[in-house]
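Chemist: Next one to model:
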Amino acid sequence: MVGDEKRNERNDAERKEKEIPVKTGALVCRLEEAHPIFEDPNSLKQVLCPWISNPAEKYISLIIPAFNEEHRLPGALDETMNYLQRRAAKDTSFTYEVVIVDDGSADGTSRIAFDFVRKYTIDNVRVILLGRNHGKGEAIKKGMLHSRGELLLMLDADGATKINDLEKLENQIRAVYRKELQLGDAVPSDSCSRISDIPIASFGSRAHLEEKALAARKWYRNFLMKGFHLVVLLTAGPGIRDTQCGFKMFTRAAARKLFTNIRLKRWCFDVELVYLCKCFGIPVIEISVNWSEIPGSKVNLLSIPNMLWELVLMSVGYRSHMWKIRN
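Modeler: Numbering: from 1, shown residues only. Down below sits the predicted model:
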(Lines give C-alpha, C1' and ligand atoms only; values in the text may rest on other atoms or scores of the structure.)
Protein backbone atom coordinates (compact mmCIF):
# COMPACT_ATOMS: atom_id res chain seq x y z
CA MET A 1 0.00 0.00 0.00
CA VAL A 2 2.74 2.44 1.01
CA GLY A 3 4.74 1.48 -2.07
CA ASP A 4 1.73 2.06 -4.31
CA GLU A 5 1.10 5.49 -2.78
CA LYS A 6 4.70 6.54 -3.29
CA ARG A 7 4.64 5.27 -6.85
CA ASN A 8 1.44 7.20 -7.55
CA GLU A 9 2.94 10.35 -6.00
CA ARG A 10 6.03 9.94 -8.16
CA ASN A 11 3.94 9.48 -11.32
CA ASP A 12 1.91 12.58 -10.47
CA ALA A 13 5.09 14.59 -9.93
CA GLU A 14 6.56 13.41 -13.22
CA ARG A 15 3.37 14.32 -15.08
CA LYS A 16 3.37 17.81 -13.55
CA GLU A 17 7.06 18.22 -14.34
CA LYS A 18 6.39 17.41 -17.99
CA GLU A 19 3.44 19.81 -17.94
CA ILE A 20 1.18 17.34 -19.75
CA PRO A 21 -2.37 18.67 -19.52
CA VAL A 22 -4.76 15.86 -18.52
CA LYS A 23 -8.12 15.44 -20.28
CA THR A 24 -7.77 18.71 -22.13
CA GLY A 25 -6.97 18.01 -25.76
CA ALA A 26 -3.85 20.14 -25.52
CA LEU A 27 -0.36 19.59 -26.81
CA VAL A 28 2.41 18.74 -24.36
CA CYS A 29 3.95 22.01 -23.25
CA ARG A 30 7.53 20.75 -23.49
CA LEU A 31 7.73 20.59 -27.25
CA GLU A 32 11.39 19.62 -27.20
CA GLU A 33 10.49 16.14 -25.90
CA ALA A 34 10.98 13.24 -28.30
CA HIS A 35 7.28 12.53 -28.93
CA PRO A 36 4.97 15.39 -27.97
CA ILE A 37 1.32 14.40 -28.08
CA PHE A 38 -2.19 15.76 -28.09
CA GLU A 39 -4.76 14.28 -25.72
CA ASP A 40 -8.28 13.84 -27.07
CA PRO A 41 -10.70 15.26 -24.44
CA ASN A 42 -13.50 13.02 -25.71
CA SER A 43 -11.79 9.61 -25.91
CA LEU A 44 -8.72 10.50 -23.75
CA LYS A 45 -6.57 8.83 -26.41
CA GLN A 46 -3.14 10.26 -27.14
CA VAL A 47 -2.45 11.54 -30.66
CA LEU A 48 1.11 11.96 -31.87
CA CYS A 49 1.97 15.54 -32.72
CA PRO A 50 2.93 16.22 -36.36
CA TRP A 51 6.05 18.07 -37.46
CA ILE A 52 6.48 20.50 -40.36
CA SER A 53 8.89 18.09 -42.12
CA ASN A 54 6.21 15.37 -42.28
CA PRO A 55 4.02 15.10 -45.39
CA ALA A 56 0.83 17.15 -45.29
CA GLU A 57 -2.30 15.41 -44.01
CA LYS A 58 -4.78 18.28 -44.46
CA TYR A 59 -5.36 20.80 -47.21
CA ILE A 60 -5.17 23.82 -44.90
CA SER A 61 -4.17 24.61 -41.33
CA LEU A 62 -5.27 27.78 -39.55
CA ILE A 63 -2.95 28.88 -36.73
CA ILE A 64 -4.47 31.23 -34.15
CA PRO A 65 -2.24 32.67 -31.39
CA ALA A 66 -4.24 33.62 -28.30
CA PHE A 67 -3.18 35.52 -25.20
CA ASN A 68 -5.98 36.43 -22.80
CA GLU A 69 -8.58 36.24 -25.58
CA GLU A 70 -11.45 34.92 -23.48
CA HIS A 71 -13.88 37.53 -24.83
CA ARG A 72 -12.82 37.88 -28.48
CA LEU A 73 -11.94 34.26 -29.30
CA PRO A 74 -15.45 32.66 -29.25
CA GLY A 75 -16.92 34.94 -31.92
CA ALA A 76 -13.87 34.63 -34.17
CA LEU A 77 -13.82 30.84 -33.82
CA ASP A 78 -17.55 30.50 -34.50
CA GLU A 79 -17.18 32.51 -37.71
CA THR A 80 -14.09 30.54 -38.73
CA MET A 81 -15.60 27.11 -38.09
CA ASN A 82 -18.83 28.00 -39.90
CA TYR A 83 -16.85 29.06 -42.96
CA LEU A 84 -14.65 25.95 -42.91
CA GLN A 85 -17.62 23.61 -42.50
CA ARG A 86 -19.56 25.24 -45.33
CA ARG A 87 -16.60 24.98 -47.66
CA ALA A 88 -15.87 21.37 -46.68
CA ALA A 89 -19.52 20.46 -47.34
CA LYS A 90 -19.20 21.78 -50.91
CA ASP A 91 -15.78 20.24 -51.59
CA THR A 92 -14.73 16.93 -50.04
CA SER A 93 -11.08 17.61 -50.90
CA PHE A 94 -11.13 20.66 -48.63
CA THR A 95 -9.82 19.22 -45.37
CA TYR A 96 -8.81 21.53 -42.56
CA GLU A 97 -7.63 21.96 -39.00
CA VAL A 98 -7.58 24.89 -36.61
CA VAL A 99 -4.61 25.07 -34.22
CA ILE A 100 -5.15 27.42 -31.28
CA VAL A 101 -1.93 28.33 -29.45
CA ASP A 102 -2.60 29.56 -25.91
CA ASP A 103 0.38 31.81 -25.14
CA GLY A 104 0.24 31.59 -21.35
CA SER A 105 -3.20 33.14 -20.89
CA ALA A 106 -4.35 33.94 -17.35
CA ASP A 107 -8.07 34.01 -18.19
CA GLY A 108 -10.47 31.44 -19.66
CA THR A 109 -8.88 31.26 -23.11
CA SER A 110 -7.82 27.62 -22.80
CA ARG A 111 -11.24 26.56 -21.48
CA ILE A 112 -12.95 28.12 -24.49
CA ALA A 113 -10.43 26.53 -26.87
CA PHE A 114 -11.01 23.08 -25.32
CA ASP A 115 -14.77 23.51 -25.72
CA PHE A 116 -14.21 23.87 -29.46
CA VAL A 117 -12.01 20.74 -29.48
CA ARG A 118 -14.82 18.77 -27.84
CA LYS A 119 -17.41 20.19 -30.22
CA TYR A 120 -15.51 19.72 -33.51
CA THR A 121 -13.20 16.79 -32.52
CA ILE A 122 -9.45 16.73 -32.18
CA ASP A 123 -9.03 15.97 -35.88
CA ASN A 124 -10.32 19.45 -36.74
CA VAL A 125 -9.40 21.60 -33.74
CA ARG A 126 -6.29 21.30 -31.59
CA VAL A 127 -4.83 23.33 -28.75
CA ILE A 128 -1.20 24.01 -27.90
CA LEU A 129 -0.46 25.27 -24.39
CA LEU A 130 2.80 27.19 -24.02
CA GLY A 131 2.52 27.38 -20.24
CA ARG A 132 3.83 30.93 -19.96
CA ASN A 133 3.72 33.98 -22.21
CA HIS A 134 6.40 33.86 -24.91
CA GLY A 135 5.06 36.33 -27.47
CA LYS A 136 2.93 36.23 -30.61
CA GLY A 137 5.85 35.26 -32.84
CA GLU A 138 6.75 32.25 -30.73
CA ALA A 139 3.11 31.16 -30.50
CA ILE A 140 2.71 31.24 -34.28
CA LYS A 141 6.03 29.45 -34.76
CA LYS A 142 4.91 26.57 -32.52
CA GLY A 143 1.58 26.34 -34.31
CA MET A 144 3.22 26.32 -37.75
CA LEU A 145 5.78 23.68 -36.81
CA HIS A 146 3.10 21.32 -35.49
CA SER A 147 0.48 21.72 -38.23
CA ARG A 148 -0.59 19.31 -40.96
CA GLY A 149 -1.71 21.51 -43.85
CA GLU A 150 -0.48 21.91 -47.41
CA LEU A 151 -1.29 25.57 -46.87
CA LEU A 152 -0.82 27.25 -43.49
CA LEU A 153 -2.61 30.46 -42.55
CA MET A 154 -1.82 32.58 -39.51
CA LEU A 155 -4.65 34.82 -38.32
CA ASP A 156 -5.43 36.84 -35.22
CA ALA A 157 -7.79 35.69 -32.48
CA ASP A 158 -9.87 38.88 -32.67
CA GLY A 159 -11.36 38.16 -36.10
CA ALA A 160 -10.26 41.57 -37.43
CA THR A 161 -9.80 40.12 -40.93
CA LYS A 162 -12.76 38.37 -42.56
CA ILE A 163 -12.06 34.66 -42.74
CA ASN A 164 -13.27 34.27 -46.33
CA ASP A 165 -10.43 36.59 -47.39
CA LEU A 166 -8.19 33.54 -47.09
CA GLU A 167 -9.45 32.69 -50.58
CA LYS A 168 -7.71 35.80 -51.93
CA LEU A 169 -4.38 34.63 -50.51
CA GLU A 170 -5.04 31.03 -51.55
CA ASN A 171 -5.86 32.00 -55.15
CA GLN A 172 -2.68 34.05 -55.47
CA ILE A 173 -0.56 31.18 -54.16
CA ARG A 174 -2.22 28.86 -56.65
CA ALA A 175 -1.52 31.32 -59.48
CA VAL A 176 2.19 31.45 -58.56
CA TYR A 177 2.22 27.65 -58.24
CA ARG A 178 0.82 27.22 -61.76
CA LYS A 179 3.37 29.70 -63.08
CA GLU A 180 6.22 27.81 -61.38
CA LEU A 181 4.97 24.56 -62.91
CA GLN A 182 5.01 26.09 -66.39
CA LEU A 183 8.48 27.56 -65.94
CA GLY A 184 9.83 24.52 -64.15
CA ASP A 185 11.59 26.71 -61.57
CA ALA A 186 11.88 25.44 -58.00
CA VAL A 187 9.66 22.45 -58.85
CA PRO A 188 10.73 18.93 -57.77
CA SER A 189 11.81 16.69 -60.63
CA ASP A 190 8.91 14.24 -60.23
CA SER A 191 5.69 15.20 -61.97
CA CYS A 192 3.54 14.51 -58.89
CA SER A 193 4.50 17.69 -57.07
CA ARG A 194 1.88 19.30 -54.86
CA ILE A 195 1.32 22.91 -53.94
CA SER A 196 2.89 22.14 -50.56
CA ASP A 197 6.20 21.33 -52.26
CA ILE A 198 6.94 24.83 -53.61
CA PRO A 199 7.86 27.70 -51.24
CA ILE A 200 5.35 30.55 -51.72
CA ALA A 201 3.99 33.18 -49.30
CA SER A 202 0.96 35.45 -49.53
CA PHE A 203 0.56 38.37 -47.11
CA GLY A 204 -2.69 40.12 -46.28
CA SER A 205 -2.33 43.90 -46.38
CA ARG A 206 -4.13 46.91 -44.89
CA ALA A 207 -2.07 49.41 -46.89
CA HIS A 208 -5.15 50.43 -48.87
CA LEU A 209 -6.71 51.62 -45.59
CA GLU A 210 -3.69 53.72 -44.58
CA GLU A 211 -5.05 57.11 -45.66
CA LYS A 212 -8.21 56.66 -43.61
CA ALA A 213 -6.19 55.41 -40.61
CA LEU A 214 -3.83 58.41 -40.76
CA ALA A 215 -6.79 60.78 -40.62
CA ALA A 216 -8.28 59.03 -37.58
CA ARG A 217 -5.13 58.66 -35.45
CA LYS A 218 -3.43 61.25 -33.24
CA TRP A 219 -0.46 63.05 -34.83
CA TYR A 220 2.10 61.49 -32.47
CA ARG A 221 0.85 57.97 -33.25
CA ASN A 222 1.23 58.68 -36.96
CA PHE A 223 4.73 60.06 -36.32
CA LEU A 224 5.75 56.93 -34.41
CA MET A 225 4.26 54.59 -37.00
CA LYS A 226 5.98 56.43 -39.86
CA GLY A 227 9.25 56.14 -37.97
CA PHE A 228 8.65 52.44 -37.39
CA HIS A 229 7.94 51.88 -41.09
CA LEU A 230 11.19 53.66 -41.96
CA VAL A 231 13.16 51.38 -39.64
CA VAL A 232 11.41 48.35 -41.14
CA LEU A 233 12.37 49.54 -44.63
CA LEU A 234 16.02 49.89 -43.58
CA THR A 235 15.98 46.49 -41.85
CA ALA A 236 14.04 44.24 -44.22
CA GLY A 237 14.21 46.27 -47.42
CA PRO A 238 11.43 47.43 -49.77
CA GLY A 239 8.68 45.37 -51.33
CA ILE A 240 6.04 44.89 -48.62
CA ARG A 241 3.92 47.88 -47.63
CA ASP A 242 2.25 46.29 -44.59
CA THR A 243 4.45 43.85 -42.71
CA GLN A 244 2.33 43.78 -39.54
CA CYS A 245 -1.02 42.48 -40.80
CA GLY A 246 -1.70 39.25 -38.89
CA PHE A 247 -3.15 37.42 -41.90
CA LYS A 248 -0.46 35.52 -43.80
CA MET A 249 -0.48 32.26 -45.74
CA PHE A 250 2.41 29.94 -46.58
CA THR A 251 2.85 26.72 -48.48
CA ARG A 252 4.21 23.91 -46.34
CA ALA A 253 7.62 24.16 -48.02
CA ALA A 254 7.79 27.88 -47.26
CA ALA A 255 6.70 27.41 -43.65
CA ARG A 256 9.34 24.73 -43.15
CA LYS A 257 12.12 27.05 -44.31
CA LEU A 258 10.85 30.13 -42.47
CA PHE A 259 9.66 28.85 -39.11
CA THR A 260 12.61 26.57 -38.45
CA ASN A 261 14.80 29.69 -38.74
CA ILE A 262 12.77 32.48 -37.18
CA ARG A 263 14.13 33.83 -33.89
CA LEU A 264 12.12 36.90 -32.89
CA LYS A 265 9.37 35.94 -30.47
CA ARG A 266 7.18 39.01 -30.25
CA TRP A 267 5.78 41.73 -32.51
CA CYS A 268 8.55 42.08 -35.10
CA PHE A 269 8.66 38.45 -36.15
CA ASP A 270 6.61 39.59 -39.19
CA VAL A 271 9.55 41.73 -40.32
CA GLU A 272 11.90 38.80 -39.87
CA LEU A 273 9.58 36.70 -42.04
CA VAL A 274 9.93 39.27 -44.84
CA TYR A 275 13.72 39.26 -44.44
CA LEU A 276 13.88 35.45 -44.51
CA CYS A 277 11.63 35.26 -47.57
CA LYS A 278 14.13 37.46 -49.40
CA CYS A 279 17.06 35.36 -48.19
CA PHE A 280 15.42 32.15 -49.47
CA GLY A 281 14.05 33.73 -52.64
CA ILE A 282 10.49 32.82 -51.65
CA PRO A 283 7.91 34.67 -53.78
CA VAL A 284 5.74 36.97 -51.63
CA ILE A 285 2.42 38.36 -52.86
CA GLU A 286 0.77 41.21 -50.94
CA ILE A 287 -3.04 41.16 -51.12
CA SER A 288 -5.51 43.76 -49.82
CA VAL A 289 -7.89 42.27 -47.23
CA ASN A 290 -10.97 43.47 -45.39
CA TRP A 291 -9.91 44.57 -41.94
CA SER A 292 -11.69 46.28 -39.05
CA GLU A 293 -10.48 47.63 -35.71
CA ILE A 294 -11.51 45.32 -32.85
CA PRO A 295 -11.35 46.70 -29.27
CA GLY A 296 -8.82 45.02 -27.00
CA SER A 297 -5.61 45.27 -29.03
CA LYS A 298 -2.41 44.30 -27.17
CA VAL A 299 -0.37 46.87 -29.12
CA ASN A 300 0.13 50.28 -27.53
CA LEU A 301 2.63 53.14 -27.55
CA LEU A 302 4.86 51.29 -25.08
CA SER A 303 5.19 48.50 -27.66
CA ILE A 304 7.11 50.77 -30.06
CA PRO A 305 10.44 50.75 -28.12
CA ASN A 306 10.26 46.96 -27.83
CA MET A 307 9.63 46.69 -31.56
CA LEU A 308 12.59 48.92 -32.34
CA TRP A 309 14.80 46.86 -30.05
CA GLU A 310 13.76 43.67 -31.84
CA LEU A 311 14.56 45.22 -35.21
CA VAL A 312 18.02 46.28 -34.01
CA LEU A 313 18.59 42.79 -32.60
CA MET A 314 17.55 41.21 -35.89
CA SER A 315 19.74 43.51 -37.96
CA VAL A 316 22.82 42.88 -35.81
CA GLY A 317 22.13 39.14 -35.60
CA TYR A 318 21.95 38.56 -39.34
CA ARG A 319 24.51 41.11 -40.49
CA SER A 320 27.11 39.81 -38.04
CA HIS A 321 26.26 36.21 -39.04
CA MET A 322 25.63 35.32 -35.40
CA TRP A 323 22.19 34.19 -36.57
CA LYS A 324 22.78 31.38 -39.04
CA ILE A 325 20.15 30.53 -41.66
CA ARG A 326 19.59 26.81 -42.10
CA ASN A 327 18.31 25.40 -45.37
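Chemist: Would you map the helices across the stretch 51-200 of the chain?
Modeler: Ranges of helices in the stretch 51-200 of the chain, per DSSP state H, counting those that start in this stretch, are 73-90, 109-120, 136-145, 166-183.
Chemist: what element comes up after the last one heading to the C-terminus?
Modeler: Spelled out, it's helix 166-183. Next helix or strand after helix 166-183 toward the C-terminus (DSSP states H and E): strand 201-205.
Chemist: quick one: strands adjacent to that following strand?
Modeler: Sheet pairing for strand 201-205, assigned by DSSP bridges, gives strand 248-251 (antiparallel), strand 284-288 (parallel).
Chemist: returning to what we had before: deepest of the helices of the stretch 51-200 of the chain, which one?
Modeler: helix 136-145 (a mean of 24; mean count of other C-beta atoms under 10 Å). (Glycine included, C-beta is placed from N, CA and C.)
Chemist: Residues touching it, excluding its own?
Modeler: 31, 51-52, 61, 63-67, 99, 101, 103, 128, 130, 152, 154, 246, 250, 255, 258-260, 262, 264-270, 272, 298 (C-beta atoms under 8 Å, 6 or more residues apart in numbering).
Chemist: Now that we have those residues, which of them are buried?
Modeler: Neighbour counting by 16 or more other C-beta atoms under 10 Å classes 52, 61, 63-67, 99, 101, 103, 128, 130, 152, 154, 246, 250, 255, 258-260, 262, 264-270, 272 among the contacts of helix 136-145 as buried.
Chemist: Do me a favour and average the pLDDT over stretch 160-167.
Modeler: On average, the pLDDT along stretch 160-167 is 93.
Chemist: May I see the buried residues of it?
Modeler: Going by 16+ other C-beta under 10 Å, stretch 160-167 has these buried residues: 160, 161, 163, 165, 166.
Chemist: Span of it from start to end?
Modeler: End-to-end distance for stretch 160-167, by C-alpha to C-alpha, to the nearest Å: 16 Å.
Chemist: what's it in contact with?
Modeler: Here stretch 160-167 makes contact (C-beta under 8 Å, 6+ apart) with 60, 62, 79-80, 83, 153, 155, 204, 245-247, 249, 289-294.
Chemist: Which ones among the residues you listed lie within strands?
Modeler: 60, 62, 153, 204, 249 (DSSP state E).
Chemist: Apply the buried test to the residues you listed and list what passes.
Modeler: 60, 62, 153, 204, 249.
Chemist: still on that earlier bit, got the helices of the stretch 51-200 of the chain as CSV, with distance to residue 310 columns?
Modeler: Output for the helices of the stretch 51-200 of the chain, formatted as CSV (distance: least, C-beta to C-beta, whole Å):
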stretch, distance to residue 310
helix 73-90, 26
helix 109-120, 24
helix 136-145, 9
helix 166-183, 25
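Chemist: Which one of the ones you listed lies nearest to residue 312?
Modeler: Residue 312 lies closest, by C-beta to C-beta, to one member of these: helix 136-145, at 15.9 Å.
Chemist: Helices along the stretch 201-327 of the chain, start to end?
Modeler: Counting by DSSP H, counting those that start in this stretch, the stretch 201-327 of the chain has helices at residues 210-216, 219-236, 252-259, 269-280, 303-319.
Chemist: Give me the average confidence score over the first one.
Modeler: Rounded to a whole number, the mean pLDDT of helix 210-216 is 47.
Chemist: now the second one
Modeler: The average of the pLDDT scores along helix 219-236 is 59.
Chemist: Low-confidence stretches in this structure?
Modeler: Within the chain, the stretches with pLDDT under 70 are 1-35, 184-192, 208-239, 293-303.
Chemist: The same query, at a cut-off of 90, please.
Modeler: 1-48, 131, 158-160, 180-193, 205-246, 266-268, 290-312, 315, 327 (pLDDT under 90).
Chemist: wait, doesn't residue 125 sit right on residue 115?
Modeler: No. Counting by C-beta atoms under 8 Å, residue 125 stays clear of residue 115, with 9.6 Å between them.
Chemist: any shared contact partners between the two?
Modeler: Common neighbours of residue 125 and residue 115 (C-beta under 8 Å, 6+ apart) do not exist.
Chemist: Contacts only, for residue 283.
Modeler: 176, 199, 200, 201.
Chemist: That one and residue 269, how far apart?
Modeler: From residue 283 over to residue 269 the distance is 20 Å, taken as C-beta to C-beta, to the nearest Å.
Chemist: ok, and the closest non-adjacent residue to residue 106?
Modeler: Nearest residue to residue 106, sequence neighbours excluded (C-beta to C-beta, 6 or more residues apart in numbering): residue 68, at 6.2 Å.
Chemist: got it, and residue 83?
Modeler: Nearest residue to residue 83, sequence neighbours excluded (C-beta to C-beta, 6+ apart): residue 163, at 4.7 Å.
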